[in-house]
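Engineer: Next input, structure requested:
(chains A and B)
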Amino acid sequence: MCGIAGLIHRGKTGNIGKEMTSMLQSLKHRGPDSTGFALYGSPKGNTLVMRFKVAEQDEMKTGFHIHDQVKERRKEVDRRLKELGATIVSEDEATEYAFRYTIDYGGDKRKLADYIEDIDGAEILSLGYGLELVKDLGDATRVSGQYQLNGFTGSHGLGHTRMATESDVDIRSAHPYWAYPFADVSVVHNGQLTNYWTGRRTLERRGHRFMSNCDSELIAVYLADKMQQGAELEDAMKDSIDELDGVFTYLVATSDSLGMAKDVMAAKPMVLYESDEFIALASEEVAIRSVFPHEIDTFDPYEGEVRVWKR
Amino acid sequence: MALRTKSHDMGMHTEKLSGRTQQRFFSPEEEENFTYPGAYDVDFNKRAEFDAANLSTSEINLKLRELMKAGNGTIVMKNPGAKHALAVGILNRLHLHVEGSLGYFGCGLIDGPNIHIKGRVGWSCGENMLAGTVVIEKNAGSTFGAAIRGGDLVCKGDVGARMGIDMKGGTILVGGRCGAFCGFMMQRGRMVVLGDAGKNLGDSMYDGTIYVGGKIEGLGVDAVPGEMTDLDCHWLERKLKQYDMKAPNGVKNMTKIVAGKQLWNYDNLEPSEKKLIL
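Structural biologist: Numbers count the residues shown, from 1 in each chain, chains lettered A, B, ... in the order given. Next up is the predicted model:
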């Protein structure tokens, strides 16, 4: 089990951080191991937002040396950014091991990501103009409080509460996944992919990188690969219904869209609320009700269904 | 007498159950003394209502029991907020009005109550229902009426996948469409879908009848078209009228699906081999 949720304010912005926290906290019973948010704020020109970590939460308990190592790793990130010609506009320390930088950088994002992630323990959680991806261990309230998401204003977002089944309980296996190296593309997933290793080997041979052993990462990389070949998001998602094997429901977001896909068995739940002002999706209606307590009409998308909405 | 027999053959007797279905599994000598633990004598004229907005699942179900214990035969539940597993295990007659939507596993394991839900229900509504009626005004999620054994389970909107899997009796009525794999391993009872039905309808069904008003995306293994008879039409007309529903193109134009019964005796072949032959 896992819980996934998504929300769009159509044509406007809202307190998406608080709303997603509320939705994900309602889904805590579907997975208390970790919680992740992919929130889309207003882009500020060409300034990139980079969310990254240089250690796992559990690593911070492994002795005094880790605190010095974390500082060293961060310094190395700064050095490498400078080397690549990126200018750090602002830097925030969300936790001792996770950071939010805004940078001016006009170069190749893939090169930047590869160079930064070459540092021991470093992982770019997201890189984009509007996307801010935050994930950590614990429930939604804890993660949201830790990263101060309750005041985040944006147009749309995704979230995930994880019950670890086939990979570790750590940040790298938590959702959402950024569709490296595409700016502003993120994915959350509920289910199991049975052709994970076959798919992973194929994509690795095509030059893609995997940061975890979590099957859900395959969806993000798969979509990134399709889009790299020129496919539109919705077409890539439709292909995934046939090419990804297993039981799954996933959500994907870009800078201006949010989409959902459900496998041909319809084995994983999804409830949808659609109005002129909002689109809300969640594994359970109780999550949607946490932000829309009044009576609303909801429905289940059908097997093999792919839908994409613009914000 | 002839009419009673016909009604019995058509399964209509399930409408008149008194909420003591399990009595059929006990000897006649025990019948007089048999009562469910947790079944209450209620008066339909005694009415109560409560607000479930700030109550947990356990608190809501305990509240229902408390009200039934006090003899209330008509209960109104307000603001259920799509919480899970509400109104389950009710083993006596009751008029329950739910003003809102239920989450997963609502109205499961019931034997006797008449439940009306103004909103929507999530996955697995009415699972293992024995008798009574559940009427949902909006949509329902997947595994609607799984393993239902009796009573009428009615959704006036659309229903998700795997409706009525392992159905062992009773009636499921759907006003809109239904998803894939509905009626999988159906054993008895009737399923009526006024809209379209998804793929693999009635896969591996042993018995029972499925009526579809719209298009069928695909039949499952050993599900075959059956002949619509006057008896079928009569039963459909009466059943749909009972819930103020209408077949868009008339009941005569509905498609009847029954079991081909070729999967019953697997002879020396493995089930997978048998399926390939079929």
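
Engineer: Can you check the pLDDT for residue B:268?
Structural biologist: Residue B:268 carries a pLDDT value of 58.

Engineer: where are the low-confidence patches of the chain?
Structural biologist: No chain in the question, so chain A it is. Per-residue confidence for chain A (pLDDT under 70) gives no ranges below the cut-off.

Engineer: that's the wrong chain, I wanted chain B
Structural biologist: B:1-35, B:264-278.

Engineer: At which residues are the helices of it located?
Structural biologist: Assigned by DSSP state H, the helices in chain B fall at B:2-9, B:28-31, B:57-69, B:230-242, B:271-277.

Engineer: Tell me the buried residues in the fourth one?
Structural biologist: Translated: helix B:230-242. Of the residues in helix B:230-242, B:232-233, B:235-236, B:239-240 count as buried by neighbour count, 16 or more other C-beta atoms under 10 Å in any protein chain shown. Placement of C-beta: from N, CA and C, glycine included.

Engineer: Show me the domain layout of the chain.
Structural biologist: Chain wasn't specified; assuming chain A. Annotated domains of chain A cover A:2-38+A:139-310, A:43-129 [automatic domain parsing].

Engineer: Chain B was what I was after
Structural biologist: As recorded under automatic domain parsing, the domains making up chain B are B:1-138, B:149-278.

Engineer: Find the one among the ones you listed with the highest mean neighbour count.
Structural biologist: domain B:149-278 (a mean of 20; mean count of other C-beta atoms under 10 Å in any protein chain shown).

Engineer: so who does residue B:251 touch?
Structural biologist: Residue B:251 is in contact with B:211, B:232-233, B:236-237, B:240, counting by C-beta atoms under 8 Å, 6 or more residues apart in numbering or on different chains.

Engineer: Let's see that with 6 Å instead.
Structural biologist: B:233, B:236-237 (C-beta atoms under 6 Å, 6 or more residues apart in numbering or on different chains).

Engineer: how far away is the nearest residue to residue B:245 once chain neighbours are set aside from chain A?
Structural biologist: Excluding the flanking residues, the one nearest residue B:245 by C-beta to C-beta, 6 or more residues apart in numbering or on different chains is residue B:175, at 5.6 Å. Distance from residue B:175 to chain A, counting by C-beta to the nearest C-beta, to the nearest Å: 13 Å.

Engineer: Spit out the contact partners of residue B:175.
Structural biologist: Contacts for residue B:175 (C-beta under 6 Å, 6+ apart) come out as B:156, B:194, B:245.

Engineer: Would you mind confirming that the second one is in contact with residue B:214?
Structural biologist: If I follow you right, that is residue B:194. No - the criterion here is C-beta atoms under 6 Å, and residue B:194 misses it with residue B:214 at 7.2 Å.

Engineer: can I get the contacts of residue B:251 in TSV with distance to residue A:160?
Structural biologist: Listed next are those as TSV, based on distance: C-beta to C-beta, whole Å:
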residue	distance to residue A:160
B:233	50
B:236	45
B:237	49
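
Engineer: got the residue ranges for the strands in the stretch 151-300 of chain A?
Structural biologist: For the stretch 151-300 of chain A, the strands defined by DSSP state E, counting those that start in this stretch occupy A:156-162, A:177-178, A:186-193, A:246-253, A:257-262, A:271-274, A:278-282, A:298-299.
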